[in-house]
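Asker: Sharing a sequence plus its predicted fold:
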Number of protein chains: 2
Amino acid sequence: MIAVLAGGVGAAKFLRGLTNAGLDEEIVAIVNTGDDWTQYGLKICPDLDTITYTLADLVNPKTGWGVRDETYRSRETLLSLGDDPWFTLGDRDIGLHMYRTKLLAEGANLTQVTAKISQKLDLSVTLLPMTNDEVGTKVLVQIPSTDNEGDQLVELDFQEYFVRYSHQPRVIRVRYQGIEVARPTMEVEQALLNARRIVIAPSNPILSIGPILALGGVGDQLRQRAANGDVVAISPIIAGEAVKGPLAQILDSLMTQHDARIVAELYREVTSQFVVDTADVALVDSINDMGLTALTTQTLMTDLDSAVKLARFAVTVP
Amino acid sequence: MIAVLAGGVGAAKFLRGLTNAGLDEEIVAIVNTGDDWTQYGLKICPDLDTITYTLADLVNPKTGWGVRDETYRSRETLLSLGDDPWFTLGDRDIGLHMYRTKLLAEGANLTQVTAKISQKLDLSVTLLPMTNDEVGTKVLVQIPSTDNEGDQLVELDFQEYFVRYSHQPRVIRVRYQGIEVARPTMEVEQALLNARRIVIAPSNPILSIGPILALGGVGDQLRQRAANGDVVAISPIIAGEAVKGPLAQILDSLMTQHDARIVAELYREVTSQFVVDTADVALVDSINDMGLTALTTQTLMTDLDSAVKLARFAVTVP
């Protein structure tokens, strides 16, 4: 079994590569749920959804998230009623949120609901939400004042920061609300125990992987597996640039360094091997100096073929 | 001011007639919320919605409820996930439920949400939910056994009875869950106090008007207004036939009589005048014998013109 710690679009592409890599092993994705939230009464799980749609070949190829051939009739109603639907939901996508919300209201947990959806869409990856408890990624940001009264500090839900404010405001702090009491599921603990290899996908280390690592017990499990050389992490930064999403702004705000070394630093204790892009070969020595084994390969997933190659690399290096 | 006690399709048609009757008076509809429920996480108010869509000229003309030019993309997703979406929601309609659910979650009450929607859709009727509290119309039915073990008694939500079971099962009892603690809104009490005339629309007396009359204080207010001759009720039964919906089955199950007299009997204390169709002129004497004043006119609303005529009749008879 291969276990993958996964966030959104980058992880989805990696998992698609992994399922097409010709492996004869179960693939389990442990998925961040810190971005989950309830909007318009509907329970929305952005990372689970992006991976689900990608693996089911339903994803909108232009955005990397959401559903292809989507319509926005319900959104048109919201607009006509004067709502500001900055979090765009398509009609097909809404059906999935309605289904999930209904099953949760009937008493199923998120792991069970996700299994039902995965089964019905015939996914070849076992998707495991990191927890069935509520964890909310909160981003404290500095918003420039419009009336010369100085900047305002506001704590936003991740999606507000990410979508409504286009991840532009300066980030002061990120915290995972509820993380102290949230527990990883039994299925997650089992996967971390039994996987032959654990891969940390090229996802945002603070917003996507951070909540998973912060869940009680998961960090310790990872440290043990890393000590045996069983964990491989892939840098989401290539030549100093974040491939996608708000990582660049987050690093700008919170970190002094911008290149893959900062991610290696964050993962130092939970992985033994750290994959950087061939463009970052110059960083290998300093990553090795951190006590990690730096590996280089092409990490940019521009198509299925490059995703397959990266996935094979991550699960076959010794 | 004219106040109308209103249920679903029949009341919507009547209100559309009233707004086109050339009156220079405010029109207030006090709308049943006993059928309201939460499905797929969305707060749905069937009677308010039917009236809203009818008055906004958005209603599906074929059904008399739902939105015209509707699509069902979210429903297709539900089907693809193996859900049984027997309560069909169209994509445009869902947008309204999402908006309502969001505002309620933000702390608005149903009266405020309804006012916002009405204003945005430029309705010429003030729509007042009968209460901001939860009332649930529950229908105890007898469902024939499939395994020869005898019939089963099951209590259903109204919409389950009405839609899922196509109002076919024999009804044993109807109750309004929560009615003991629910209160009419201040706006409803004011409307019942100040209206020049109160009309009980041609709606289902047990499922639509019943919950309104059972709300604490409303029955008493109506009795007082009726004693002064200010209330007019319109029969939803013509020549022994219910015009629409489950009334026929309900009467079959619960009542010994099938004609308009049974409705007159139910409204005996809360109205002084009872309008029956010209087809029911033979019932006038027995209705008068109940202590009511029976009036006859054409009550079937086949188009806007007939609805306008009925509305004018109801608000102008002395």
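Answerer: Ah, there it is.

Asker: Please list all residues in contact with the nearest residue to A:Ala260 once chain neighbours are set aside.
Answerer: Of all residues not flanking A:Ala260 in the chain, A:Ser235 sits nearest, at 4.1 Å (CB to CB, 6 or more residues apart in numbering or on different chains). (Glycine included, C-beta is placed from N, CA and C.) Neighbour list for A:Ser235: A:202, A:260, A:263-264, A:274-277, A:280, A:299 [criterion: CB atoms under 8 Å, 6 or more residues apart in numbering or on different chains].

Asker: how far away is A:Ser235 from chain B?
Answerer: 35 Å (CB to the nearest CB, to the nearest Å).

Asker: Quick check: the gap between that residue and A:Asp47.
Answerer: Counting by CB to CB, to the nearest Å, the separation of A:Ser235 from A:Asp47 is 19 Å.

Asker: contacting residues around A:Ala264?
Answerer: A:233, A:235, A:274, A:276, A:287, A:290, A:292, A:294.

Asker: Whatever residue of the stretch 151-300 of chain A ends up closest to chain B: neighbour count?
Answerer: In the stretch 151-300 of chain A, no residue comes nearer to chain B than A:Asp157, which is 13.6 Å away by CB to the nearest CB. If you count neighbours by other CB atoms under 10 Å in any protein chain shown, A:Asp157 ends up with 19.

Asker: A:Gln249 too?
Answerer: If you count neighbours by other CB under 10 Å, A:Gln249 ends up with 19.

Asker: any idea of the pLDDT on the spatially closest residue to it that is not a sequence neighbour?
Answerer: Here the nearest residue to A:Gln249 in space, its sequence neighbours aside, is A:His167; by CB to CB, 6+ apart that works out to 5.1 Å. A:His167 is assigned a pLDDT of 85 by the prediction.

Asker: One more: the one 3 residues further on?
Answerer: Per-residue confidence (pLDDT) for A:Arg170: 88.

Asker: surely it meets A:Gln152?
Answerer: No - using CB atoms under 8 Å, A:Arg170 is not in contact with A:Gln152, being 11.4 Å away.

Asker: Which neighbours do the two have in common?
Answerer: A:Gln142.

Asker: Those two: who's more crowded?
Answerer: Neighbours were counted for A:Arg170 and for A:Gln152 using other CB under 10 Å; A:Arg170 has more, 16 against 12.

Asker: So the more buried one versus A:Leu266, what's the distance?
Answerer: Note on A:Arg170: its distance to A:Leu266, by CB to CB, is 20 Å.

Asker: again with A:Gly95
Answerer: As judged by CB to CB, A:Gly95 and A:Leu266 stand 37 Å apart.

Asker: Over to A:Tyr165?
Answerer: Look at A:Tyr165 and A:Leu266: by CB to CB, they are 24 Å apart.

Asker: what is the residue of the stretch 151-300 of chain A closest to chain B paired to in the beta sheet?
Answerer: A:Lys138 (DSSP bridges).

Asker: was I right about it contacting A:Gln39?
Answerer: No - contact criterion CB under 8 Å: A:Asp157 and A:Gln39 do not qualify, at 9.3 Å.

Asker: residues in contact with A:Trp37?
Answerer: Applying CB under 8 Å, 6+ apart, we find A:Trp37 in contact with A:43-44, A:136, A:157-159.

Asker: Would you convert these into JSON lines that also reports pLDDT?
Answerer: Shown next, in JSON lines, are these (pLDDT from 0 to 100):
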{"residue": "A:Lys43", "pLDDT": "98"}
{"residue": "A:Ile44", "pLDDT": "97"}
{"residue": "A:Gly136", "pLDDT": "95"}
{"residue": "A:Asp157", "pLDDT": "91"}
{"residue": "A:Phe158", "pLDDT": "90"}
{"residue": "A:Gln159", "pLDDT": "89"}
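
Asker: Just flag the most distant two among those.
Answerer: A:Lys43 and A:Phe158 (15.0 Å; CB to CB).

Asker: Looking at these two, which has the bigger crowd around it?
Answerer: The neighbour count for A:Lys43 versus A:Phe158, taken as other CB under 10 Å, is higher for A:Phe158 (23 against 20).

Asker: Check the gap between the more buried one and A:Arg164 for me.
Answerer: Distance of A:Phe158 to A:Arg164, computed by CB to CB: 11 Å.

Asker: what do you get for A:Leu48?
Answerer: Noted for A:Leu48: a distance of 21 Å to A:Arg164, by CB to CB.

Asker: Settle it for me: which of these two has more neighbours?
Answerer: Neighbours per residue (other CB under 10 Å) separate A:Leu48 from A:Arg164, with A:Leu48 holding more: 28 against 13.

Asker: got the contact list for that one?
Answerer: A:31, A:33, A:36, A:114, A:127, A:129.

Asker: The fourth one contacts A:Met130, correct?
Answerer: By that I understand A:Thr114. No - with contact defined as CB under 8 Å, A:Thr114 does not count as touching A:Met130 (11.0 Å).

Asker: higher neighbour count, the two?
Answerer: Of the pair A:Thr114 and A:Met130, A:Met130 is the one with more neighbours under other CB under 10 Å, namely 28 against 25.

Asker: Chain neighbours aside, what residue packs nearest to the more buried one?
Answerer: Nearest non-adjacent residue to A:Met130, counting by CB to CB, 6+ apart: A:Ile212, 4.8 Å away.

Asker: so after whichever strand or helix holds the one you found, what's the next helix or strand?
Answerer: With secondary structure defined by DSSP states H and E, A:Ile212 is part of helix A:210-214. Downstream of helix A:210-214, the first helix or strand assigned by DSSP H and E is helix A:218-227.

Asker: in that following helix, what counts as buried?
Answerer: Going by neighbour count (16 or more other CB atoms under 10 Å in any protein chain shown), the buried part of helix A:218-227 is A:218, A:221-222, A:225-226.

Asker: Show me what it is packed up against.
Answerer: helix A:186-194, helix A:210-214 (3 or more CB pairs under 8 Å, 6 or more residues apart in numbering or on different chains; DSSP states H and E).

Asker: Let me know which of the ones you listed is tucked in deepest.
Answerer: Most buried of those, by mean neighbour count (mean count of other CB atoms under 10 Å in any protein chain shown): helix A:210-214, with a mean of 23.

Asker: Pull the CA coordinates from stretch A:309-316 and hand them back as CSV.
Answerer: Coordinates of each C-alpha in stretch A:309-316 appear next as CSV, following Å, rounded to 0.1, in the frame of the first residue of the first chain:
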residue,chain,number,x,y,z
LYS,A,309,6.8,9.8,-14.0
LEU,A,310,6.9,11.8,-10.8
ALA,A,311,4.6,9.3,-9.0
ARG,A,312,6.8,6.3,-10.1
PHE,A,313,9.9,8.2,-8.9
ALA,A,314,8.4,8.9,-5.5
VAL,A,315,7.3,5.3,-4.8
THR,A,316,10.4,3.5,-6.3
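
Asker: hmm, back to that, between the contacts of A:Trp37, which is nearest B:Ala242?
Answerer: Ranked by distance to B:Ala242 (CB to CB), these are led by A:Lys43 at 39.6 Å.

Asker: OK, contacts around that closest one?
Answerer: By CB under 8 Å, 6+ apart, the contact list for A:Lys43 reads A:36-37, A:97, A:100-101, A:104, B:41.
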